[in-house]
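Q: Fold the stuff below for me.
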Amino acid sequence: MFDNLDEFKLEIEEYVKEVYSLILEDYGEFLNQDKLDLINNFDYKNNIKIDKGGKYSICPGRWESKTNTLALSPVSFYNTVYKKEMEKDIIKLDINEIQRKLNNSRNETFTGLELANYIKQNNLSVLDITKGIVIHELFHSIITLKDPNEVFRVSYRNKNYDCKGIKGDYLEEGIVEYYARCFANKHNLFLFPSIPYQENVEYAKEVIEKLGKNANKLVFNSNYRTILNYIHKKEEYKKYDSYEAEWLSKRIVRRLETKDIKDIIELDEIGELKLL
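A: All right, here's what the predicted structure looks like:
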């Protein structure tokens with residue numbers, strides 16, 4: 001994949017600088033001082049962590065808000081999700097098929113084989129894919145819609161658990177991915193599609209359309225409740241809660257299934273549940 005981790009990291013550092021510079025050009029006027037300081041004072045050397053063994057998780061990358069760290073595990077992700085698929089016989093796909101699906105509807109689904117062939121046909125390297133993931137994660141650093149004080153209750157193995165600080169995740173992932181896609185298209189940058197968030201993006205599009213000219217101001221400076229309140233529809237909360245309850249329950253249960261339930265006191269003590 002890549003032999004020199006230091007050289008790989010330098011490439012990513014330069015790319016993050018480029019993306020943050022363009023974000024400031026596009027959205028700087030809407031960012032509060034804390035977010036401007038985060039970008040202007042970002043420590044590229046120490047706050048970008050790249051691990052090719054999967055130390056952080058098998059997911060490709062994530063933004064760790066407590067430490068302002070971009071954590072990437074590109075090779076682990078690549079090997080786990082796509083390597084086996086890429087070893088299969090290639091299925092000839094129209095290279096525009098992925099983009100068509102991204103622009104279509106929440107009912108569209110992707111398969112690992114489709115994306116593996118997308119990688120193959122476009123001759124994408126691990127560095128290409130990692131750069132394509134970075135944009136989404138950097139938008140997480142300036143779009144924070146989750147409410148840190150709200151509690152979401154999930155049932156697992158006939159017991160209820162209260163998870164604090166993840167309410168609003170459904171809308172946040174959708175809006176982050178939507179903004180990342182628009183940003184990448186505007187600046188002709190490659191964005192690796194975040195497959196699990198397609199339904200979230202479709203809902204985010206509806207919300208952003210209703211926010212109108214105030215969308216940027218609200219997205220960068222408020223949480224999900226402020227945004228839903230602005231829409232002025234009581235039914236919007238019922239709709240949103242229905243979407244998010246299913247979304248969060250599935251995500252949390254998947255996490256819990258990989259952990260020993262005896263070691264869990266409170267779900268909010270499991271950092272991954274807040275971040276992923």
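Q: check contacts around the closest residue to Gly168 other than its chain neighbours.
A: Take Gly168 and drop its neighbours on the chain: the residue closest to it by CB to CB, 6 or more residues apart in numbering is Tyr224, 3.4 Å away. Yep, even glycine has a C-beta here, placed from its N, CA and C like the rest. With contact taken as CB atoms under 8 Å, 6 or more residues apart in numbering, Tyr224 is in contact with Leu145, Lys146, Asp147, Lys167, Gly168, Leu171, Glu172, Tyr240.
Q: how about Tyr224, phi and psi?
A: Note on Tyr224: backbone dihedrals following degrees, to the nearest 10 are phi -60, psi -30.
Q: try Lys66
A: With angles defined as degrees, to the nearest 10, Lys66 sits at phi -60, psi -30.
Q: Quick one: distance of the helix or strand containing Glu235 to the chain centre.
A: In the assignment (DSSP states H and E), Glu235 maps to helix 234-256. Taking CA atoms, centre = their mean, to the nearest Å, one finds helix 234-256 lying 17 Å from the centre of the chain it belongs to.
Q: so what secondary structure elements neighbour that helix?
A: For helix 234-256, the elements it packs on are strand 151-156, strand 159-164, helix 169-187, helix 198-211, helix 224-231, helix 271-275, judged by 3 or more CB pairs under 8 Å, 6 or more residues apart in numbering; DSSP states H and E.
Q: list the buried ones in it?
A: By 16 or more other CB atoms under 10 Å, the buried positions in helix 234-256 come out as Glu236, Tyr240, Tyr243, Glu244, Trp247, Leu248, Arg251, Ile252, Arg255, Leu256.
Q: Widest-spaced pair of the residues you listed?
A: Largest separation among the buried residues of helix 234-256 by CB to CB: Glu236 and Leu256, giving 29.5 Å.
Q: Would you mind measuring from Glu137 to Ile231?
A: Here Glu137 is placed at a distance of 27 Å from Ile231 (CB to CB, to the nearest Å).
Q: same check, this time on Glu246
A: Distance from Glu246 to Ile231, counting by CB to CB: 21 Å.
Q: would you turn the contacts of Tyr224 into CSV with pLDDT?
A: Below are the contacts of Tyr224 laid out as CSV (pLDDT from 0 to 100):
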residue, pLDDT
Leu145, 96
Lys146, 93
Asp147, 90
Lys167, 91
Gly168, 93
Leu171, 95
Glu172, 96
Tyr240, 88
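Q: From those, pick the one nearest Val219.
A: Closest to Val219 out of the contacts of Tyr224 is Leu145 (7.8 Å), distances taken as CB to CB.
Q: Which of the three states applies to Pro193?
A: Here Pro193 is recorded as coil under DSSP: H, G, I helix; E, B strand; the rest coil.
Q: That one against Leu124, yeah?
A: No - assessed by CB atoms under 8 Å, Pro193 is found out of contact with Leu124, at 12.0 Å.
Q: Give me the below-cutoff pLDDT ranges for this structure.
A: 1-3, 54-58, 80-112, 234, 258-276 (pLDDT under 70).
Q: Apply 80 and report the result again.
A: Within the chain, the stretches with pLDDT under 80 are 1-5, 52-59, 74-123, 159, 161, 193-196, 232-236, 254-276.
Q: ok, how many other residues are close to Lys159?
A: Using other CB atoms under 10 Å, Lys159 has 9 other residues around it.
Q: same question, Gln121
A: Gln121: 15 neighbours (other CB under 10 Å).
Q: quick one on the thing from earlier: which of the helices and strands packed on helix 234-256 sits closest to Gly132?
A: Using CB to CB, the helices and strands packed on helix 234-256 put helix 169-187 closest to Gly132, at 8.2 Å.
Q: tell me which residues in that closest one are buried?
A: Neighbour-count burial for helix 169-187, counted by 16+ other CB under 10 Å, picks out 169-181, 183-184.
Q: just stretch 214-223 next, same as before
A: Ala215, Asn216, Leu218, Val219, Phe220, Asn223.
Q: now do stretch 27-34
A: Counting neighbours by 16+ other CB under 10 Å, the buried set in stretch 27-34 is Tyr27, Leu31.
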